[in-house]
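In: with the input below, show me the fold.
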Amino acid sequence: MGFSSADSNKPTKYGICHLSVVSVRKEPSDKSEITTQLLFGDGFVILDASKDGKWLYIHIAWDNYTGWIDAKQFKVISEDFFKILHSMQWPFCKDLVGLLHGAHRVTPVLYGSSLPVLNNNITSIETEAFRFQGDVNYPIKVANFQYMKTVACYYLSAPYLWGGKTHFGIDCSGFIQQVSRICGIKMPRDAWQQAKEGQVVFPGSAKPGDYAFFADEHGEVIHVGIILEHDKIIHASGEVRVDFVDSKGISLKRGKNYTHLLHSIKRVLPD
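Out: Modelled structure (predicted):
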C-alpha cells in the first residue's frame with residue numbers, strides 16, 4: 001500500500017476508527033492541539049507509539065495526514081481488511097446521527113462517516129457486524145454545483161472547531177474536505193494543501209462551486225470557502241455561514257469591512 005512502519009523490522013499494523021469520532025493530535029498528549037479527526041470507518045497505518053504506549057502515531061490512508069491518537073481509541077484490523085476498506089468509496093451516513101447496533105454496543109455515527117462493506121443495512125469491521133439504523137447516501141462519480149451546495153448548506157450553523165470535521169465542531173478546511181469527500185472529490189486536509197488542487201481561476205471568471213482561498217498578511221493561505229451564487233460564499237468562520245465575497249475578499253456587508261483577503265480561486269468541479 002506504499003506505507004512502512006517506523007521500524008522496518010516490525011510488521012506493519014493497521015487500524016480503523018470504530019468510534020463516532022476520534023481526535024488526532026499534533027503531539028502525544030491530551031493537552032496537544034487537535035489537528036484533524038477520524039470518523040467511523042476511517043482506516044490508518046500505525047507508524048509508531050509513544051514510549052509509554054498510550055499514544056499511537058498514525059498515517060490516515062485516504063488523505064495522507066499524520067498525527068497522534070489515544071491508543072485506547074481504535075480497533076486493530078488485518079492488512080487484507082485494510083485493502084478492502086480502501087478498495088472503493090463505501091456508502092456514508094446521510095443522517096446527522098445514525099446508529100450502529102452491534103452485539104454488545106450501540107455506536108452513534110455522524111454525517112459523512114463511511115460504512116464499510118455495507119450490505120442490506122449491515123456494515124462490518126472484519127468479523128464484527130453492525131445493523132445500521134439511519135439513511136445512507138452512495139458516492140457519486142461526478143458531482144455538480146447543486147449537489148455540492150446541498151451538502152455544504154447541510155453544515156450551516158455548525159460551530160467552528162480547530163481540527164474538527166463534524167456538525168458538532170468543524171474548521172474551514174475540514175468543512176471543505178468533508179463536502180468534497182461526500183461529492184466524490186478527494187481533497188487534502190489543510191487549506192494550504194487544498195490551494196494546490198484544481199485549476200486556477202481568475203476572479204472575474206469564478207463561478208458557483210469554485211473554491212476560494214484567503215491569505216494572511218504574509219501571503220500564506222489560512223482560510224477557504226465555496227463560492228455560491230449572487231456573490232456569496234459559504235465557509236466556516238465562527239460557524240458555517242454565508243457571507244459576501246468579491247475580488248478583494250470576504251465581507252459581512254457587500255464590499256465593506258473585509259474579514260478575509262482573497263489569495264486565489266480554484267475549480268474542482270468538472271466544467
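In: any stretches of the stretch 151-271 of the chain with poor pLDDT?
Out: Within the stretch 151-271 of the chain, not a single segment meets pLDDT under 70.
In: strands of that one, start to end?
Out: Ranges of strands in the stretch 151-271 of the chain, per DSSP state E, counting those that start in this stretch, are 165-166, 169-170, 199-201, 211-215, 221-227, 232-237, 239-245, 249-253, 256-267.
In: columns mean neighbour count and distance to residue 30 on top of those, output as a markdown table?
Out: The C-beta positions use only the backbone N, C-alpha and C, and glycine is treated the same way. Listed next are those as a markdown table, based on neighbours: other C-beta atoms under 10 Å; distance: least, C-beta to C-beta, whole Å:
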| stretch | mean neighbour count | distance to residue 30 |
| --- | --- | --- |
| strand 165-166 | 24 | 19 |
| strand 169-170 | 22 | 17 |
| strand 199-201 | 12 | 41 |
| strand 211-215 | 24 | 31 |
| strand 221-227 | 24 | 26 |
| strand 232-237 | 22 | 24 |
| strand 239-245 | 19 | 26 |
| strand 249-253 | 16 | 34 |
| strand 256-267 | 17 | 31 |
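In: among those strands, which is nearest residue 33?
Out: The closest of those to residue 33 is strand 169-170. By C-beta to C-beta, the value is 13.3 Å.
In: contacts for the closest one, please.
Out: For strand 169-170, the external contacting residues (C-beta atoms under 8 Å, 6 or more residues apart in numbering) are 155, 158, 159, 160, 161, 164, 178, 236, 240.
In: burial count for the first one?
Out: Read that as residue 155. A count of nearby residues for residue 155, using other C-beta atoms under 10 Å, gives 21.
In: if I look at it, how far off is residue 98?
Out: 17 Å (C-beta to C-beta, to the nearest Å).
In: got it, and the second one?
Out: The span separating residue 158 from residue 98 equals 17 Å under the rule C-beta to C-beta.
In: what residues are up against the closest residue to residue 128 other than its chain neighbours?
Out: Nearest non-adjacent residue to residue 128, counting by C-beta to C-beta, 6 or more residues apart in numbering: residue 102, 6.5 Å away. The neighbourhood of residue 102, defined by C-beta under 8 Å, 6+ apart, consists of 128, 129, 130.
In: which among these end up buried?
Out: Buried members of the contacts of residue 102, counted by 16 or more other C-beta atoms under 10 Å: residue 130.
In: fine by me, thanks again.
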